[in-house]
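J.: Okay, predicted coordinates and the sequence, questions at the end:
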Amino acid sequence: MVGGWGLDFVYTLTNKNDKILTQLVKDIKRNLKKELLPKLKMFNDFKILFGKTTSKGLGLYIGGSYIWKPTMVLDLKNIMASADEYCVDDEVVITSTILHELGHAIQDTLHLPFNEDEAENFAEEYYKNKKIKLDFIKI
Ligand SMILES: [Zn+2]
């Protein structure tokens, strides 16, 4: 998903469950920063905010944020609901959501139109095979 700069949906996490999840997010981010970003060679870092997206949205990339630092918003409440619904660990949904939003960050960095399928394919391929599938990017 892609959103604008209206950051009024960003919230602060307070309860205990949120702390466990935010630590998990930090760990996943650290790994991706170490393993994926050096291979991508597009940006050195990215930012994760927590907030509300849409009724079922898991995350969104903030359009234009690549200029400073690619920034995304994760909706932990919806992420937990989705993990429950599909009977998978939170880690699976968090990682694939971050990867999906990074797919949008790549599209934005390369001035390509935002495309949900491409972002999803990129996320899936990296999550399952640790391969960077960038066939949508003409390089
Ligand atoms: Zn998307």
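T.: Done, it's in. Residues are numbered from 1 along each chain as shown.
J.: For the rest of this, base every contact and every neighbour count on C-alpha atoms.
T.: OK.
J.: which regions of this structure lie under the pLDDT threshold?
T.: Low-confidence segments of the chain (pLDDT under 70): 4-16, 135-139.
J.: Report how many residues lie close to Met42.
T.: 13 (other Cα atoms under 10 Å).
J.: can you check the one 5 residues further on too?
T.: Under the neighbour criterion other Cα under 10 Å, Lys47 is assigned a count of 14.
J.: Run a quick check on it versus Leu74, I expect a contact.
T.: No. Using Cα atoms under 8 Å as the test, Lys47 is too far from Leu74 to be in contact (10.5 Å).
J.: Give me the three-state assignment for the closest residue to Leu37 other than its chain neighbours.
T.: Of all residues not flanking Leu37 in the chain, Asn44 sits nearest, at 6.2 Å (Cα to Cα, 6 or more residues apart in numbering). Assigned by DSSP: H, G, I helix; E, B strand; the rest coil, the conformation of Asn44 is coil.
J.: show me what contacts Asn44?
T.: By Cα atoms under 8 Å, 6 or more residues apart in numbering, the contact set of Asn44 is 33, 37-38.
J.: go again using 10 Å as the cut-off
T.: Neighbouring residues of Asn44 by Cα atoms under 10 Å, 6 or more residues apart in numbering: 33-34, 36-38, 69-70.
J.: so what's whatever residue of the chain ends up closest to the ion closest to, chain neighbours aside?
T.: Closest to the ion within the chain is Met1: 2.8 Å, counting by Cα to the ion. Nearest-residue entry for Met1: Leu60, 4.6 Å, with adjacent residues in sequence omitted and distances by Cα to Cα, 6+ apart.
J.: pretty sure that neighbour contacts Glu116?
T.: No. Using Cα atoms under 10 Å, Leu60 is not in contact with Glu116, being 11.0 Å away.
J.: Those two: which has the busier surroundings?
T.: Higher neighbour count among Leu60 and Glu116: Leu60, with 27 against 15, using other Cα under 10 Å.
J.: who touches that one in this structure?
T.: Leu60 neighbours (Cα under 10 Å, 6+ apart): 1-4, 48-49, 51-54, 71-75, 97-98, 100-102, 104.
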